[in-house]
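S.K.: Sharing a sequence plus its predicted fold:
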Amino acid sequence: MKRSILFLLLFVAALRLALPSPQSVHPPLIGDDIDLTAPFSNGETLVFEVNWKPLFFIPAFKAGEIRLRVEDSSYNGRETYRIQAWAVSDGALSRIAGTVVQNYYESEIDRRSFHSYRSFQQIRQGQRQRDMELLLDYERDRITYRETDPSTNPPRLLRSTNKTGIPSGATDIVSVFYVARLRVLPVGRTFSLHLTSRGDFEEIRVTAEGEARVSTPAGRFNSVKVTTIGGLFQEGGDLRVWVSRDDLRIPIRFESTVNFGRVYGRLIRLESPQLHRGLIRISEAAVP
């Protein structure tokens with residue numbers, strides 16, 4: 001695997017709770033007929049430190065930081081949450097790889113049904129630049145995807161697709177991080193979702209495995225361990241996320257075992273209308 005794509009894989013692993021499956025026997029996590037209330041609200045900000053532990057006796061490296069923020073918004077006349085994510089390389093791994101990563105992600109989700117309307121990815125990873133936009137039109141049952149290379153003038157079109165067939169409970173690689181917080185997940189229960197990144201959907205499963213007391217720089221939390229069954233991507237294994245057992249249901253820790261070692265992250269700062277925790281202050285200059 002090229003070093004220049006390593007941090008992107010770490011970030012995708014942190015956001016995706018994914019497992020392909022041909023058919024589901026599990027209840028859907030979200031849907032038009034399911035009444036759910038968001039534990040997150042306008043202004044919530046989460047900051048995670050991401051680390052990579054290689055194989056054998058090599059010490060762990062700091063890979064970078066991920067910042068997530070929720071804002072009240074609107075999309076085509078509908079009330080939405082706008083979820084933004086910044087992935088910035090930092091630390092020893094960034095110096096070793098010699099590549100600067102400054103990726104930006106954005107998602108618009110309905111404030112009642114929580115399904116996704118729009119997903120945007122802005123990849124700035126060394127010399128590699130990509131802009132990717134996905135639009136979901138539920139009234140016309142139409143999915144539109146467009147990918148360009150903005151490093152050229154004018155930007156070069158790499159892919160443009162239009163298709164039909166939006167499944168129930170549609171979510172994207174950013175909003176899935178929040179949709180998984182909508183329920184108090186009973187230990188032992190599994191729920192299904194439909195995840196898309198570039199217009200093709202995968203059925204994913206979210207399972208609550210057990211409870212644990214977890215310490216982070218932002219504090220100690222009672223949590224439930226949420227995991228997936230099967231690989232998340234070709235180079236990796238299952239993703240495990242610890243979600244707080246309070247009303248906010250905050251993701252406070254995550255980890256994934258990959259072919260090259262173990263990726264893990266922990267919450268270092270939390271800001272919300274209800275709570276403010278953090279022992280490490282993040283420089284705003286480091287975030288686009």
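M.R.: That came through, no problem.
S.K.: can you give me the helices in the stretch 1-150 of the chain?
M.R.: Here the stretch 1-150 of the chain has its helices, by DSSP state H, counting those that start in this stretch, at 6-15, 92-97.
S.K.: Least reliable of the ones you listed by average pLDDT, please.
M.R.: Mean pLDDT per stretch puts helix 6-15 lowest among the helices of the stretch 1-150 of the chain, at a mean of 47.
S.K.: where does the stretch 151-288 of the chain dip in pLDDT?
M.R.: Across the stretch 151-288 of the chain, the ranges flagged by pLDDT under 70 are 229-238, 259, 274-288.
S.K.: let's see 50
M.R.: 230-236, 279-288 (pLDDT under 50).
S.K.: ok, which stretches of it are helices?
M.R.: Applying DSSP H, counting those that start in this stretch to the stretch 151-288 of the chain gives helices spanning 176-179.
S.K.: Just give the number of residues close to the residue nearest to Thr144 when sequence neighbours are not counted.
M.R.: Closest residue in space to Thr144, ignoring its immediate chain neighbours: Leu135 at 4.4 Å, by C-beta to C-beta, 6 or more residues apart in numbering. (Glycine included, C-beta is placed from N, CA and C.) Neighbourhood size, Leu135 [other C-beta atoms under 10 Å]: 19.
S.K.: got the contact list for Tyr138?
M.R.: By C-beta atoms under 8 Å, 6 or more residues apart in numbering, the contact list for Tyr138 reads 115, 166.
S.K.: So for it, what's the pLDDT?
M.R.: Looking at Tyr138, its pLDDT reads 94.
S.K.: Give me the phi and psi for it.
M.R.: Main-chain dihedrals, Tyr138, degrees, to the nearest 10: phi -70, psi -30.
S.K.: With Asp32 instead?
M.R.: phi -60, psi -30.
S.K.: Run through the residues that contact it.
M.R.: 113, 115, 168.
S.K.: Give me the buried subset of these.
M.R.: Neighbour-count burial (16 or more other C-beta atoms under 10 Å) applied to those gives 113, 115.
S.K.: just the contacts of Asp32 now: which is nearest Arg130?
M.R.: His115 (24.7 Å; C-beta to C-beta).
S.K.: Distance check, the closest one against Pro217.
M.R.: His115 sits 34 Å away from Pro217, going by C-beta to C-beta, to the nearest Å.
S.K.: same thing with Leu55?
M.R.: For Leu55 relative to Pro217 (C-beta to C-beta), the value is 26 Å.
S.K.: Then Val88?
M.R.: Going from Val88 to Pro217 by C-beta to C-beta gives 18 Å.
S.K.: Out of these two, name the residue with the larger neighbour count.
M.R.: More crowded of Val88 and Pro217, by other C-beta under 10 Å: Val88, with 23 against 14.
S.K.: So what pairs up with that one in the strands?
M.R.: Glu65, Gln102 (DSSP bridges).
S.K.: Surely it touches Gln102?
M.R.: Yes. Contact criterion C-beta atoms under 8 Å: Val88 and Gln102 qualify, at 5.7 Å.
S.K.: and Ala170, what does it touch?
M.R.: 115-116, 136, 194, 196, 201 are the contacts of Ala170 under C-beta under 8 Å, 6+ apart.
S.K.: for Glu211, same thing?
M.R.: 187, 222-225, 245.
S.K.: Try it again at 10 Å.
M.R.: 187, 222-225, 242, 245 (C-beta atoms under 10 Å, 6 or more residues apart in numbering).
S.K.: cool, Tyr145 as well?
M.R.: Per C-beta under 10 Å, 6+ apart, neighbours of Tyr145: 119, 132-136, 159-163, 196-200.
S.K.: Kindly recompute the last result at 6 Å.
M.R.: For Tyr145, the contact set (C-beta atoms under 6 Å, 6 or more residues apart in numbering) comprises 134, 161, 198-199.
S.K.: related to what we said a few turns ago, adding distance to Arg213 as columns, could you present the contacts of Asp32 in a markdown table?
M.R.: A markdown table is the format used below for the contacts of Asp32 (distance: C-beta to C-beta, whole Å):
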| residue | distance to Arg213 |
| --- | --- |
| Ser113 | 34 |
| His115 | 34 |
| Ser168 | 36 |
